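coordinates only, sequence not included:
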């Protein structure tokens, strides 16, 4: 698929918003039209353009025994790579990781990737704090600046599914290292990403603790993280006898 077709498809705000909806789950024309406040005929036109660009696929789904099946649209399994001018970083990074494994072995490669993930987490926290003048990482600050700013700008299609004064559960529907994580989940997900998230939270606050519930690299539909702010225990002074 020529890249110009993909760029043409993404030149429309409505088509970009359609893709964002379908990142979260497959949907039919009527559901998309309702959420975007567009006419179904308009949505069908946009969907056809996205299909021709190789960005969407469709399948039929029956909800009962009578009537025609619904056509459901979802993101294509193999999304086209779009860069301008053309870049081949993926073609470079895959051989680098393979050579790393071959020369140093799995244990040493894990150690090196963990250091990379740690540095990424620390630098990301530092950048967000300096840029936004953050003095304390609360759930509100985490939601606004890490999820709403950093993850959104990175193209991960984040979604907050639960938020309280002490906890945030969020999902990312697009993995920026998706192709590599599919091929090397033990390196990219279990080591690099896990260490990134761990060091990110450690640099933010000594009370923020995170767990990962699902992972796209291991076959799940999205990555889901839970972050909790655990209050520090107050020390009680013993009365002198």
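Good, I have the coordinates. Just so you know, these numbers come straight off a predicted model, no measurement behind them.

who's in contact with residue 28?
Contact analysis of residue 28 by Cβ atoms under 8 Å, 6 or more residues apart in numbering lists 70, 71, 72, 73. Quick note: C-beta positions are derived from backbone N, CA and C, even for glycine.

apologies, that question was intended for residue 44.
Contacts here follow Cβ under 8 Å, 6+ apart; on that basis residue 44 touches residue 29.

with the one 10 residues further on instead?
Taking Cβ under 8 Å, 6+ apart as the criterion, residue 54 is in contact with 1, 5, 6, 76, 78, 79, 80.

in three-state terms, label it for me.
Classification of residue 54 into helix, strand or coil gives coil, according to DSSP: H, G, I helix; E, B strand; the rest coil.

and it, backbone torsions?
phi 80, psi 20 (degrees, to the nearest 10).

quick one: which of the contacts of residue 28 sit in strands?
70, 71, 72, 73 (DSSP state E).

is residue 67 in a helix, a strand, or coil?
Under three-state DSSP, residue 67 falls in the coil class.

residues near it, how many?
The local packing of residue 67 (other Cβ atoms under 10 Å) involves 8 other residues.

need the pLDDT of it.
pLDDT, residue 67: 70.

from the contacts of residue 28, list just the buried residues.
Neighbour-count burial (16 or more other Cβ atoms under 10 Å) applied to the contacts of residue 28 gives 72, 73.

how about the lowest-mean-pLDDT helix or strand in the chain: buried residues?
Scoring the helices and strands of the chain by mean pLDDT, DSSP states H and E places helix 3-9 at the bottom, with a mean of 83. By neighbour count on 16+ other Cβ under 10 Å, the buried set for helix 3-9 is 5, 6, 9.

mind putting the contacts of residue 28 into CSV with pLDDT and distance to residue 14?
CSV is the format used below for those (pLDDT from 0 to 100; distance: Cβ to Cβ, whole Å):
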residue, pLDDT, distance to residue 14
70, 89, 21
71, 93, 19
72, 93, 19
73, 95, 14
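
need the contacts of residue 28 in TSV (columns: distance to residue 200).
As requested, these are exported to TSV (distance: Cβ to Cβ, whole Å):
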residue	distance to residue 200
70	41
71	41
72	36
73	34
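
on that earlier part again, ok, the ones in strands among the contacts of residue 28 vs residue 32, which is closest?
Distance to residue 32 across those (Cβ to Cβ) is lowest for residue 73, with 7.5 Å.

about what we covered before: pull the most distant pair out of the contacts of residue 54.
5 and 78 (15.1 Å).
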